[in-house]
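Undergrad: Let's see this in three dimensions:
(one chain, ligands or ions: 3)
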Amino acid sequence: MGDAALPTTGKAACVTNPGADFGVEVRNDVPVPKPGNMEVLIKLTVTGICYSDLHYMLEDLPMPKMSDSGVVSPGHEGIGHIVAMGDNIPASIGLKMGDRVGLKPVWSSCNSCMLCISEREMYCPASLQTGLQKPGTYQQYVLGSADHVMKIPEGVPDEVAAPIMCSGATIYRGITESGLKSGDWVAFAGAGGGVGHMGVMYAKAMGMRVIAIDGGKEKGDMCKSIGAEHFVDFMETKDVNAEVVRLTDGLGAHGLIITATSPAAYRTGIGMLRTSGVLMSIGLPSIADVPSIADPLSLIGKNLKVTGTAVGTRNDVRRALQFAAQGLVKPVIEQFPFDKISDAVMKLKSGKVAGRCVVRFDE
Ligand SMILES: NC(=O)c1ccc[n+]([C@@H]2O[C@H](COP(=O)([O-])OP(=O)(O)OC[C@H]3O[C@@H](n4cnc5c(N)ncnc54)[C@H](O)[C@@H]3O)[C@@H](O)[C@H]2O)c1
Ligand SMILES: [Zn+2]
Ligand SMILES: [Zn+2]
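TA: Ligands and ions are numbered 1, 2, ... in the order given. I've put the predicted structure just below:
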């Protein structure tokens, strides 16, 4: 099955010179792939720009490289429409031509290992990542695995759905896995960024009390406008831990969720937690400067839990999208036309994005 009107080439942003001085080059001549068995071809309208894309292009983490799989376009927050379908897609999957769907970080998984069947498919040893082992959403015509593409609920615009594919679902998973409850104080270190600001909204929607930690007035104002009760500016506050303890009646936060990329956010860490508090790691500092998160004395003396989580499952993405469908979360986005995608990537690299950049292929 296919659409005879499909072009043979499309737009894509390709990494050049991967490493510290990487660049992003816009091309209009990238071949449109054909969907194979169990695959759909999606024509994207938008893609979000996640800091993980930068890690892949910077190659600053000890993980597989894009080039190992021949991938040149990163990206894993894509929304578009199905324009061609490959063979053997069971009707029970419920996909058809024209459906509005999203691509998320987990491109495929085996669907049968113990991790896959216990809602931990992101840790499946056979899983492949979008924009790392499979061409990513900086490419306008991109393939998805029929069992992993996400249907987007009505009433959630493309540019709202895009950041939920990774940022929203990751932080939804992080909050739920942390065991925090309504009424608890949760601090987000990195609250002004793409993942963190969605954390502020999801936590607020779940009835938690939110302390946002980030730097600068723009990010502070944004965090307060989306539900943070307090903003702690890490660039101006001498002792961030003491400030969070002060704001929580001298007891400390029930949870700290770190979505910052900087090692400094991890160094601040557990000192702001109350007894039995939880630290949830999500942001990935570059390996060169990873701090030790906790000393045994603090862990024992305060009964702390330190954990981490990677992206969301299909079920997390589905649930995270429902919050948007109900109007409970609405990412703060800055939109760029596709030919300015490099500006969006470099702005994120410079740490100046409040919320999330979303790039439009249709402009
Ligand atoms: N674990 C996962 O599955 C997962 C999923 C998505 C993203 N990530 C990672 O999360 C990190 C953040 O991604 P993003 O797209 O939100 O990036 P981002 O740049 O939009 O957000 C990071 C924020 O952290 C802030 N920050 C920097 N130092 C800080 C400090 N010391 N204290 C408090 N805030 C500080 C920055 O100002 C920025 O606003 C990246 O490392 C990314 O790879 C992990
Ligand atoms: Zn991401
Ligand atoms: Zn599996």
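
Undergrad: of all the residues in the stretch 151-300 of the chain, which ones are close to ligand 3?
TA: Where proximity means Cβ under 5 Å from the ion, the stretch 151-300 of the chain presents no interface facing ligand 3. Every residue, glycine included, has its C-beta placed from N, CA and C.

Undergrad: Okay, helices next: where are they in the stretch 151-300 of the chain?
TA: Taking DSSP state H, counting those that start in this stretch as the criterion, the stretch 151-300 of the chain carries its helices at 158-163, 169-178, 194-205, 217-225, 240-247, 263-268, 296-301.

Undergrad: so does stretch 135-154 get close to ligand 1?
TA: No. Using Cβ under 6 Å from any ligand atom, stretch 135-154 stays clear of ligand 1, with a minimum separation of 13.6 Å.

Undergrad: and that stretch, which residues are buried?
TA: 135-146, 148-150, 152 (16 or more other Cβ atoms under 10 Å).

Undergrad: Would you check which pair of these lies furthest apart?
TA: Farthest pair in the buried residues of stretch 135-154 (Cβ to Cβ) is 138 and 146. Separation: 21.7 Å.

Undergrad: Kindly report the residues of the chain close to ligand 1.
TA: Applying Cβ under 6 Å from any ligand atom, one finds that the chain approaches ligand 1 through 50-52, 55, 166, 170, 189-190, 192-196, 213-215, 219, 234, 259-262, 264-265, 282-284, 310-311, 348, 351, 353.

Undergrad: Can you tell me which of those are buried?
TA: 50-52, 55, 166, 170, 189-190, 192-196, 213-215, 219, 234, 259-262, 265, 282-284, 310-311, 348, 351, 353.

Undergrad: List the contacts of the closest residue to residue 104 other than its chain neighbours.
TA: Among residues not flanking residue 104 along the chain, residue 165 sits closest, at 4.2 Å (Cβ to Cβ, 6 or more residues apart in numbering). Shown in contact with residue 165 (Cβ atoms under 8 Å, 6 or more residues apart in numbering): 48, 76-79, 102-105, 150, 317.

Undergrad: again with residue 132
TA: 56, 63-64, 66, 69, 71, 74.

Undergrad: Give me the buried subset of those.
TA: For the contacts of residue 132, buried by 16+ other Cβ under 10 Å: 56, 66, 71, 74.

Undergrad: nearest to ligand 1, of the residues you listed?
TA: residue 56 (8.9 Å; Cβ to the nearest ligand atom).
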